[in-house]
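In: Return a 3D structure for these sequence lines:
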Amino acid sequence: MSLLPETIRRIDSLVADGQQAGRTPSLIAGVVRDGRLLHVTAAGELSHLGTAGVRPAPDPDTQYRIGSISKTMTAVLLLQLRDEGRLGLDDRLERHLPDTPLGDLTLRQLLGHASGLQREPEGDWWERAPGGDLDTLLAGLTPDKVAYPPHRVYHYSNLAYGLLGAVLERITGKPWWELLRQRLLDPLGMNRTSYQAEEPFARGYVVHPWLGTLREEPRTDTGAMAPAGQLWSTITDLAKWAAFLADPAPDLLAPATLTEMCAPVVISDLESWRSGHGLGFELARTGDRVYVGHGGSMPGYIAALTVYRPARTAVVAFANSYGFRSGSIGALSDQLLTTVLDLEPAPVRAWRPASAPPAPEVAELTGRWWWMGREYEAEWDGAANELVLTLQRPTGATPWRFAPEGPGRWRGRSGTNDGEILAVRRDAAGRAEALDIATFVFTRDPDRLA
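Out: Numbers count the residues shown, from 1 in each chain. Below you'll find the predicted structure:
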């Protein structure tokens, strides 16, 4: 699989334009689809002298600092523990961090930036100063750290993710970095994602607004705030993370859990409803598509991760400057992803015949059913082991998919009946005569109601 030449030309042009207009020393982006890194493009140079005085260009193995994209990994760690029964999203903070003055806040609120907690911890700017330990972070908490009433308004909080990292450490007895490496990075083969920079890496700069000169920024250890933005990664490694977010490995995270994480906890712009935040992920509506992911920035670096899960397609991007002079890396990432999706729709998967008919008690459920004068067709999807019920008129309705849960009992897996029960009603002879879906009774006769 590869991208079309016209798609590549457009992507390369957008990245070159972004580097020039943004006035960033280097800019690199990668396109991911169906679990593979399909194309990488870069513009500019790393601005530090390499071998024989050469200023090297970035490549897919060059590390950049990814900033708040680290939060998405922290969030997945929390949801892994939730799925294991070791915490609840509606647990109050005091359950895991006793005696905190902010104990009424819940883990769900902290994950979704709906806690009202102030944006930064006390002290020097944590992103540019050596970080303190967990005890120091917790000692700086006071009741007045809540800037807004919880869950009434979106308010981004780095401090919240420092506290979530503390929760992870208290529950597991392991430091956040060790937990991340064991539970996510190693299983996904992300061996170039690290706590501190490892060569080859891009030096990070602030670009002087009038002179165009560069000031190299420090590469700090953020200590207890690391879960909010410490990590370094490469295009190759972050592409693996993007592929995981598009289609997670079930042994690491249940797909249904990731879908839950991508549902809004809070809408961040109440005027247009174009953006919001889920459980660790930023959500942005572009036309009829909703992108999930996160931006990242640390002094000297900016990054973007944008995923369109229905098409298993994503863009990852890095630059080694603190912001763009014009535009933003997040907007560029969205534009790159939209370009790929518009020019190259997801490939159509070939239909394959069933290897064998379903059991007789399933086969008799297929065909026409009616409810309140509306006609539905039931068919069997042998590959998915699901019964699919589709409204015939008007066309275009989302099919209802049902998975077997026991004799005569099916569980909804899509559409308005997601999670609901379909129960098969049988007559005295044992024949299926009706489908009862959450008290709505479907029959073979359009004039019969039950």
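In: Low-confidence stretches in this protein?
Out: Low-confidence segments of the chain, defined by pLDDT under 70: 49, 51, 151, 450.
In: Please parse it into its domains.
Out: 5-343, 360-443 (automatic domain parsing).
In: Helix, strand or coil: sort out Tyr64 for me.
Out: Following DSSP: H, G, I helix; E, B strand; the rest coil, Tyr64 is assigned to strand.
In: Equivalent analysis for the one 5 residues further on, please.
Out: Using three-state DSSP, the secondary structure recorded for Ile69 is helix.
In: repeat for the one 5 residues further on
Out: Look at Thr74: counting by three-state DSSP, its state is helix.
In: Tell me how many other residues surround the residue lying closest to Ala438 once chain neighbours are set aside.
Out: Spatial nearest neighbour of Ala438, chain neighbours left out: Glu420 (4.3 Å); criterion: C-beta to C-beta, 6 or more residues apart in numbering. Yep, even glycine has a C-beta here, placed from its N, CA and C like the rest. Using other C-beta atoms under 10 Å, Glu420 is surrounded by 17 other residues.
In: start the count at 322, not 1, going forward
Out: Understood, numbering begins at 322; the last thing we discussed is Glu741.
In: give the contact list for Glu741.
Out: Residues in contact with Glu741, defined by C-beta atoms under 8 Å, 6 or more residues apart in numbering, are Arg732, Gly733, Ile758, Ala759.
In: Please tell me how far the first one sits from Arg695.
Out: Look at Arg732 and Arg695: by C-beta to C-beta, to the nearest Å, they are 22 Å apart.
In: ok, now the second one?
Out: Using C-beta to C-beta, one obtains 17 Å as the distance from Gly733 to Arg695.
In: Also the third one?
Out: Shown here: Ile758 relative to Arg695, a distance of 12 Å by C-beta to C-beta.
In: These two: who's more crowded?
Out: Neighbour comparison, Ile758 and Arg695: the larger count goes to Ile758, with 22 against 14 (by other C-beta under 10 Å).
In: Okay, and the beta partners of that one?
Out: For Ile758, the beta-bridge partners under DSSP bridges are Leu743, Phe761.
In: Please name the residues that touch it.
Out: Trp721, Gly733, Asn738, Glu741, Ile742, Leu743, Ala744.
In: how about the nearest residue to the second one, chain neighbours excluded?
Out: The shortest distance from Gly733 to any non-neighbouring residue, by C-beta to C-beta, 6+ apart, is to Glu741 (4.3 Å).
In: Would you confirm that Pro679 contacts Asp702?
Out: No: with contact defined as C-beta atoms under 8 Å, Pro679 does not count as touching Asp702 (9.7 Å).
In: What ranges does the stretch 572-721 of the chain have for its helices?
Out: With DSSP state H, counting those that start in this stretch, the ranges of helices along the stretch 572-721 of the chain come out as 576-582, 650-664, 681-684.
In: and among those helices, the most buried is which?
Out: Among the helices of the stretch 572-721 of the chain, helix 650-664 has the highest mean neighbour count (mean count of other C-beta atoms under 10 Å), at a mean of 20.
In: which strands and helices sit next to that one?
Out: If contacts are counted by 3 or more C-beta pairs under 8 Å, 6 or more residues apart in numbering; DSSP states H and E, helix 650-664 sits against helix 326-343, strand 347-354, strand 603-607, strand 610-619, strand 622-629, strand 634-640.
In: Not counting it itself, show me its contacts.
Out: The contact list for helix 650-664, computed with C-beta under 8 Å, 6+ apart, reads 324-325, 327-328, 331-332, 335-336, 339, 343, 348, 350, 352, 354, 605, 607-608, 610, 612, 614, 616, 623-627, 629, 632, 634-640.
In: Could I have the CA atoms of it written out in PDB?
Out: The C-alpha trace of helix 650-664 is given here as PDB (Å, rounded to 0.1, in the frame of the first residue of the first chain):
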ATOM      1  CA  ILE A 650       1.200  22.600  13.900                       C
ATOM      2  CA  GLY A 651      -2.200  21.300  15.000                       C
ATOM      3  CA  ALA A 652      -4.000  23.000  12.200                       C
ATOM      4  CA  LEU A 653      -1.300  21.700   9.700                       C
ATOM      5  CA  SER A 654      -1.800  18.200  11.000                       C
ATOM      6  CA  ASP A 655      -5.600  18.400  10.600                       C
ATOM      7  CA  GLN A 656      -5.100  19.800   7.100                       C
ATOM      8  CA  LEU A 657      -2.700  17.000   6.200                       C
ATOM      9  CA  LEU A 658      -5.100  14.300   7.500                       C
ATOM     10  CA  THR A 659      -8.000  15.900   5.600                       C
ATOM     11  CA  THR A 660      -6.000  15.900   2.400                       C
ATOM     12  CA  VAL A 661      -5.300  12.200   2.700                       C
ATOM     13  CA  LEU A 662      -8.900  11.300   3.500                       C
ATOM     14  CA  ASP A 663     -10.300  13.500   0.700                       C
ATOM     15  CA  LEU A 664      -7.800  12.300  -2.000                       C
END
